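> A structural model of the following input is requested.
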Amino acid sequence: MNGREKKEYNDLFFVCSLIEYVGRKTKNHRNVVVNAIGKEKLQHLYDLADIYHSENMDKITDELITTYSIETGVFDNVADGQYLIPSHWDIGKVYKRLIVDVCNEQGKEPIETLIEVYNSWLSRKIENFNSSLYYENPGYLYESYRKGEVL
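All right, here's what the predicted structure looks like:
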């Protein structure tokens, strides 16, 4: 650990923030982005996150959009937001914490868990910036995820 948290957690935070950034740029639900990129490339991004983190976010995003033919969708939760919109870094942190909790509590691998979480019912709830769910505490989000419903 070279900072306030494990390197793997920071790498996961970057990948989740990148997914959020691509989703906003392409107006897609985040699971669409995750599924378009696929497990192998997500693992690559995770493994080299400390290097990619130094790159320009727009450059990386444009490369992913082009390489994986991520088309523009119609989901624009930023434009639909009625209140202050969290940054892509804020939402990356929400997902990172949830994924870390699932990995730690259930003994799962990070990228498999990332794919599972982004394809879950809870991801759609987190994407709704007009609700309060995205800023609930991590333990509450994990327990809701585990139970399969908002508690």
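> Please count neighbours and contacts with C-alpha atoms only from this point.
Noted.
> So which residues make contact with the helix or strand hosting residue 14?
Taking DSSP states H and E as the definition, one finds residue 14 inside helix 7-26. Helix 7-26 is contacted from outside by 1, 29-30, 33-34, 42, 45-50, 53, 57, 61, 65, 70-73, 76-78, 88-93, 95-96, 100, 110, using CA atoms under 8 Å, 6 or more residues apart in numbering.
> again with stretch 79-92
With contact meaning CA under 8 Å, 6+ apart, stretch 79-92 is reached by 13-21, 78, 129-130, 134.
> rerun at 10 Å
Residues outside stretch 79-92 that contact it (CA atoms under 10 Å, 6 or more residues apart in numbering): 12-24, 27, 77-78, 93-97, 126-131, 134-135.
> what's the answer for stretch 61-77, then?
18-19, 21-30, 32-33, 35-38, 41, 57-59, 85, 127-130.
> Where does pLDDT dip in the chain?
1-3 (pLDDT under 70).
> mind redoing it with 90?
For the chain, the stretches with pLDDT under 90 are 1-7, 51-55, 77, 79-84, 131-135.
> now the helices for it?
Using DSSP state H, the helices of the chain run over 7-26, 30-47, 49-52, 57-67, 88-106, 110-118, 121-126, 138-147.
> Would you reformat these as CSV and include mean neighbour count?
Formatted as CSV, these follow (neighbours: other CA atoms under 10 Å):
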stretch, mean neighbour count
helix 7-26, 22
helix 30-47, 18
helix 49-52, 16
helix 57-67, 14
helix 88-106, 19
helix 110-118, 19
helix 121-126, 16
helix 138-147, 16
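> Tell me how far the residue lying closest to residue 92 once chain neighbours are set aside lies from residue 105.
Once flanking residues are discounted, residue 92 sits nearest to residue 17: 3.9 Å by CA to CA, 6 or more residues apart in numbering. To residue 105, residue 17 is 23 Å away according to CA to CA, to the nearest Å.
> do the same with residue 12
For residue 12 relative to residue 105 (CA to CA), the value is 17 Å.
> buried ones in stretch 125-137?
By neighbour count on 16 or more other CA atoms under 10 Å, the buried set for stretch 125-137 is 126, 127, 128, 129, 130, 133, 134.
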